[in-house]
Structure formats: structure tokens, C-alpha cells
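Trainee: After the sequence you'll find the predicted model.
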Amino acid sequence: MGDEKNIDTQKFRWSVWNYVMRVKGIVNDEFLYSDVNTFVLREVKKYLKTVTSFPHLCTQALYNQCMGPTVLKHSEKIHINLLATEARKQAELNFALQAVMEYAAGSSE
């Protein structure tokens, strides 16, 4: 991350993914949510919550504030945004599928 090379970011990415899923109402029983506090800074969590729950409130200032230019490269920040939006999409698709299944089960009676 940043200028460092050969860093394994799997736990960070997994923490971002599961944090967003939890914000959207889906809990993974196999994930240790204490890892989120270890790997994801509070400012980044605030940004992720804003991006996934209130995207119209997301600004360049918020983007710069939570992920300062000295910590992450621009490409890494974009990667975090993509992870967050894909996790949000998966959560919404899960809820949509659940609604369709409930509707189908109710109409078959």
C-alpha cells in the first residue's frame, strides 16, 4: 500500500467487504468483525458508510479527508471504492432475491 511493495492486503480487503455488508444488514458468521477495527481506520469506515448508504453526500473533500494523499495511492483509493460498491450491490441483490423467493412462495399457495 502506498509505496510499499509485496504487501498482502487480503485481510484489509476482506474487512472492507464485510464491513460494507454489515452496514447493509448482512452478517457473515465466519468473519471476525474485530478485524475491521484492526485493519480499517475510523475515517475510512465513515467514508465507506457514506459511499454505500448516502452516495449523494460523498464529496471530493470527504474522499481526501478519510484517505489522505500520503497514505494510499489514487489507484488504491479507487480499488476501495470498487470493493465497497460491489459489496453494496451484492447485499442489495441478496435482499432482492429474498423478496422474489418470498413472493413466489406466497403466490404458490
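Mentor: That came in fine, so what should we check first?

Trainee: Any regions of the protein where pLDDT drops low?
Mentor: Applying pLDDT under 70 to the chain flags residues 1-4, 67-71, 107-109.

Trainee: Which stretches in the chain count as helices?
Mentor: Using DSSP state H, the helices of the chain run over 10-23, 34-39, 42-53, 60-66, 74-107.

Trainee: List the buried residues of the shortest one.
Mentor: In terms of neighbour count (16 or more other C-beta atoms under 10 Å), helix 34-39 has its buried residues at 36, 39. Glycine gets a C-beta too; all of them are placed from N, C-alpha and C.

Trainee: what do you get for the longest one?
Mentor: Under the neighbour-count criterion of 16+ other C-beta under 10 Å, helix 74-107 has 77, 80-81, 83-84, 87-88, 91 buried.

Trainee: Out of these, which is nearest to residue 53?
Mentor: Using C-beta to C-beta, residue 88 comes nearest to residue 53 of those, at 8.4 Å.

Trainee: Identify the residues contacting the residue nearest to that closest one when sequence neighbours are not counted.
Mentor: Distance criterion C-beta to C-beta, 6 or more residues apart in numbering; nearest residue to residue 88, sequence neighbours excluded, is residue 52 at 4.4 Å. By C-beta atoms under 8 Å, 6 or more residues apart in numbering, the residues touching residue 52 are 20, 23-24, 84-85, 87-88.

Trainee: Nothing else from me, thank you.
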